[in-house]
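A.B. asks: Model the structure of this input:
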Amino acid sequence: MFGMIKNTIFGNTEETDYKLLSSETKEGVSYEVRRYDGAKYASVSSEGRTFDQVTGELVRKLLVYIGGSNDQGEAMGTTAPVIITVYPRDDGVMSRRLVVSLRIPTNYQVSPPVPIDSAIRIEDRPGMTVYSLQFGGFAGETEYRAEASRLTKTLGETAPFQRKQYFCCTYDPPMKPYGRRNEVWFLQEEP
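C.D. replies: Numbering: from 1, shown residues only. Purely as a prediction, here's the structure:
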């Protein structure tokens, strides 16, 4: 537990690198198109509870893992963003299924420590291109849904992105009161 707190408060946060493909503005809404390389992620999932009910608990599990609750007892440092994969219904409401993920820090990508918590799995994710919309403040389900709707309207119905899932991303610890950075990512469909 101390490792988690030390990592979160005193540690440096390693932000996931990406290649900016374009910055665009349509109807007053600015968004980016980015390319992320493939990497290993620690992930934990939940079904049956709402986004706001469960995300804090799942994020804590991942922070405990990278804070030293692993087979090496190694505090790895934190990464950003926390990526929450959600699966919207046809009416835009989030289903009660989600996956919370953190990219494994660069120094541990080759051989990540094994989590003590069996609910956490290490995934090898392929590279991806995303449409990214940034916004501030404290974000929960309502805010992410509103921003996802805004990005959907901005991109239009014919834009090539996956509609069965999207990513809710946060870059800041919960104790940061201002200047917060959140993003909604839509996964671009590959040709």
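A.B. asks: Look at S111 and tell me its secondary structure.
C.D. replies: Under DSSP: H, G, I helix; E, B strand; the rest coil, S111 falls in the coil class.
A.B. asks: Backbone dihedrals for it, please?
C.D. replies: phi -140, psi 80 (degrees, to the nearest 10).
A.B. asks: and it, what is it in contact with?
C.D. replies: Listed by C-beta atoms under 8 Å, 6 or more residues apart in numbering, S111 has no contact partners. C-betas here are computed from N, CA, C, even on glycine.
A.B. asks: What's the per-residue pLDDT of it here?
C.D. replies: Looking at S111, its pLDDT is 96.
A.B. asks: Equivalent analysis for the one 3 residues further on, please.
C.D. replies: In this prediction, V114 carries a pLDDT score of 97.
A.B. asks: Work out for me the element the residue nearest the centre of the chain sits within.
C.D. replies: By C-alpha atoms, centre = their mean, the chain has its centre lying nearest to I83, at 0.9 Å. Secondary structure assigned from DSSP states H and E places I83 in strand 82-88.
A.B. asks: Now do the buried residues in that strand.
C.D. replies: Counting neighbours by 16 or more other C-beta atoms under 10 Å, one finds that the buried residues in strand 82-88 are V82, I83, I84, T85, V86, P88.
A.B. asks: Can you tell me the strand partners of that strand and which way each runs?
C.D. replies: Partner strands for strand 82-88, per DSSP bridges, with pairing direction: strand 94-103 (antiparallel), strand 166-170 (antiparallel).
A.B. asks: Could you dump those strands into JSON lines with mean pLDDT and mean neighbour count added?
C.D. replies: Below are those laid out as JSON lines (pLDDT from 0 to 100; neighbours: other C-beta atoms under 10 Å):
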{"stretch": "strand 94-103", "mean pLDDT": "90", "mean neighbour count": "20"}
{"stretch": "strand 166-170", "mean pLDDT": "96", "mean neighbour count": "23"}
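A.B. asks: got a list of contacts for stretch 133-143?
C.D. replies: Identification of contacts with stretch 133-143 by C-beta under 8 Å, 6+ apart yields 29-32, 50-52, 94, 147, 150-151, 154, 168, 170, 179-184.
A.B. asks: Within the helices and strands, which one has the closest residue to D117 other than its chain neighbours?
C.D. replies: Leaving aside its sequence neighbours, D117 sits nearest to K61 (C-beta to C-beta, 6 or more residues apart in numbering; 5.9 Å). Element membership for K61, per DSSP H and E: helix 51-66.
A.B. asks: Please consider this matter closed, and thank you.
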